[in-house]
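> I'd like to go over a predicted model; first the sequence, then the structure.
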Amino acid sequence: MKNNRKIIIVGDRVLVKPDEERARTALGLYLPQGVESKEKIQGGYIEKTGPGYPLPAPGDVSDDPWNQEQKEPRYLPLQAQEGDYALFVRKAALEIEFENNKYLIVPQAAILLLIRDDILERLSNDIEE
């Protein structure tokens, strides 16, 4: 029997494939000792993101749930995207194992910064010109 399982991330959370814990990230960012002693900071690549923050439907003023039509939910999308490298506060993350791989589920509020490849490419192109 074929295994067709997949992970669906909900809300404002992201699924991160963690880097090995070290003082220097894979992208060359050095984390000062003060940062590490106050709060544990970790990095990793974002594998999947949730849909974002739920928004109320437009014109949704009725408090009667039985009078409302079923509408497609709307979301405010997250800043994080698949493939981004994220630095985040480790204590806010939940560790899971899925199909023999370790992942972290991190709320977007715990992400401190994102590094996106297309931004790095644009910066290098601007410097060359």
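That came through fine.
> who touches stretch 81-93?
With contact meaning Cβ atoms under 8 Å, 6 or more residues apart in numbering, stretch 81-93 is reached by 14, 16, 25-27, 29, 31, 39-49, 80, 104-107, 109-117. Heads up, the C-betas are built off the backbone N, CA and C, glycines and all.
> List buried residues within those residues.
Buried residues within these, counting neighbours by 16 or more other Cβ atoms under 10 Å: 14, 16, 25, 31, 41-49, 80, 104-107, 110-111, 114-115.
> for the protein, which strand is longest?
strand 41-49 (DSSP state E).
> Parallel or antiparallel, list what pairs with the helix or strand just after it.
Where DSSP states H and E defines the elements, the next helix or strand beyond strand 41-49 is strand 53-55. Applying DSSP bridges, strand 53-55 is found paired with strand 74-76 (antiparallel).
> Give the next helix or strand downstream of the partner strand.
Going down the chain from strand 74-76, the next helix or strand is strand 85-89, by DSSP H and E.
> Adjacent strands (with direction) for that following strand?
strand 41-49 (antiparallel), strand 111-115 (antiparallel).
> possible to save these as a markdown table with mean pLDDT and distance to Glu72?
Formatted as a markdown table, these follow (pLDDT from 0 to 100; distance: least, Cβ to Cβ, whole Å):
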| stretch | mean pLDDT | distance to Glu72 |
| --- | --- | --- |
| strand 41-49 | 93 | 19 |
| strand 111-115 | 93 | 27 |
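> could those be laid out in TSV, adding distance to Val89?
Shown next, in TSV, are the strands paired with strand 85-89 (distance: least, Cβ to Cβ, whole Å):
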stretch	distance to Val89
strand 41-49	7
strand 111-115	7
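> So for Phe98, which of those sits nearest?
Of all the strands paired with strand 85-89, strand 41-49 sits nearest to Phe98, with 10.0 Å by Cβ to Cβ.
> Compute the distance between the residue lying closest to Tyr53 once chain neighbours are set aside and Pro56, please.
Among residues not flanking Tyr53 along the chain, Leu76 sits closest, at 4.4 Å (Cβ to Cβ, 6 or more residues apart in numbering). According to Cβ to Cβ, to the nearest Å, Leu76 and Pro56 sit 11 Å apart.
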